[in-house]
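>>> Have a look; sequence and predicted model below, questions after that.
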Amino acid sequence: MANLNHFEISQILGARVQPNSGTAQFGGFGMESVFDSRRRNMASLDRPYANELISFIDVQRQVAAAFEDVRNGAPTDALLFDSRLRASFEAACVKEAIELTPAQCRKVIFRIRKASDSPVKLLKAKYHVQTPQVAKDFLPVIESAIARIKYTSGQSIDEIFIRDDLRNQFARIVATLAPTIALEHAIQGALFLRKGVRKEVKKLVEPLRLSRLTSSLTSEPVRDSLSDTLPMEAGFFEVCSPHSSLYAGWNRNLKEVCEVFVRRETFDVITGDLWDVPHSKLAFRYLAGQELDNVETSAWTAKFVMEKKPLFNVSKAA
């Protein structure tokens, strides 16, 4: 347990983004049937890459060839966060007179990557891009933006960045909540969130008794002066309303991460017209330190999210 890397168990941020069936969520929004109906309606309004051409093998070969011409060994994910690669790929598709929109061309690449039986194959990447630390530091903001978009669009994390409209929506939310982080790094953070927890890690956290963590938490009301009472230490944290767990995570600096949640605009941006969050009733619960009972607090966070399923922790991408 002592050797666990808290970033490798990123499914600590992996609860399903949906209210619990039959229970009231904060702000009076809680009927799953209402949510599902809204999501289906919103998701069906705009499918810019829903063109039968993307299923044609000859078209897929054209698009794949255009991508290989410009990628220079980059990983496929770079197409979602690297603006220069994105532009080069679009230009290559135009040069080859491919009759698809840029979003459709990106969709083709990810369809090929995910298909196990496709006759069209992509070359293996020659290098991998490490998720920068700044993206990990801003995971609460990034995840809040992803959760908001997934609620209203029903799209996976990949498809949020394949589509220009959803990518721009993500950019606006992040710019409001964390103007200092570059969009490229924010997208890398979002892609980091979609990774599933390793099976061996899941086996390690499943036996933990969550009551041991929850009984050890210190609770503070969410207020402007909250950071004055928090230590500059790593640890587990949760933001909750009187009846719901809203968000849980691990951060290397509890004092800094709490500042995301004391601002009203954080939940205003997240919720929009879906909820009226009683900001004055929110609480910030935390456990400072690297370990509890010789188990890393990041592992306890994984256990907490798997069991409690906080509302704004995003699901693993489909």
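Done, it's in. Source: prediction; values computed, not measured.
>>> which stretches of the stretch 201-318 of the chain form helices?
According to DSSP state H, counting those that start in this stretch, the stretch 201-318 of the chain carries its helices in the segments 210-214, 226-229, 254-261, 264-271, 297-308.
>>> out of those helices, deepest packed?
Compared across the helices of the stretch 201-318 of the chain, helix 297-308 shows the largest average neighbour count, a mean of 23 (mean count of other CB atoms under 10 Å). Every residue, glycine included, has its C-beta placed from N, CA and C.
>>> Quick one: mean pLDDT over that one.
Average pLDDT, helix 297-308: 90.
>>> One more: stretch 220-230?
Rounded mean pLDDT across stretch 220-230 is 92.
>>> Equivalent analysis for stretch 171-184, please.
Average pLDDT, stretch 171-184: 92.
>>> Could you give the separation between the terminal residues of it?
Length of stretch 171-184, first residue to last, CA to CA, to the nearest Å: 10 Å.
>>> Show me what that stretch is in contact with.
Contacts with stretch 171-184, where a contact means CB atoms under 8 Å, 6 or more residues apart in numbering, come from 81-83, 134-135, 138, 141-142, 144-145, 148-149, 186, 260, 263, 265-266, 269-270.
>>> Now list the buried members of these.
Buried members of the contacts of stretch 171-184, counted by 16 or more other CB atoms under 10 Å: 81-82, 135, 138, 141-142, 144-145, 148-149, 186, 260, 266, 269-270.
>>> from those residues, which single one is nearest residue 124?
Residue 124 lies nearest to residue 82 out of those, by CB to CB, at 17.6 Å.
>>> Next one, pLDDT for that closest one please.
Residue 82 is given a pLDDT of 96.
>>> tally of neighbours for residue 118?
Per other CB atoms under 10 Å, the neighbour tally for residue 118 reads 14.
>>> got a list of what it touches?
Residues in contact with residue 118, defined by CB under 8 Å, 6+ apart, are 60, 111, 112.
>>> swap in residue 206?
Contacts for residue 206 (CB under 8 Å, 6+ apart) come out as 303, 306.
>>> Then residue 219?
Contacts of residue 219 (CB under 8 Å, 6+ apart): 283, 284, 285.
>>> That'll do, ta.
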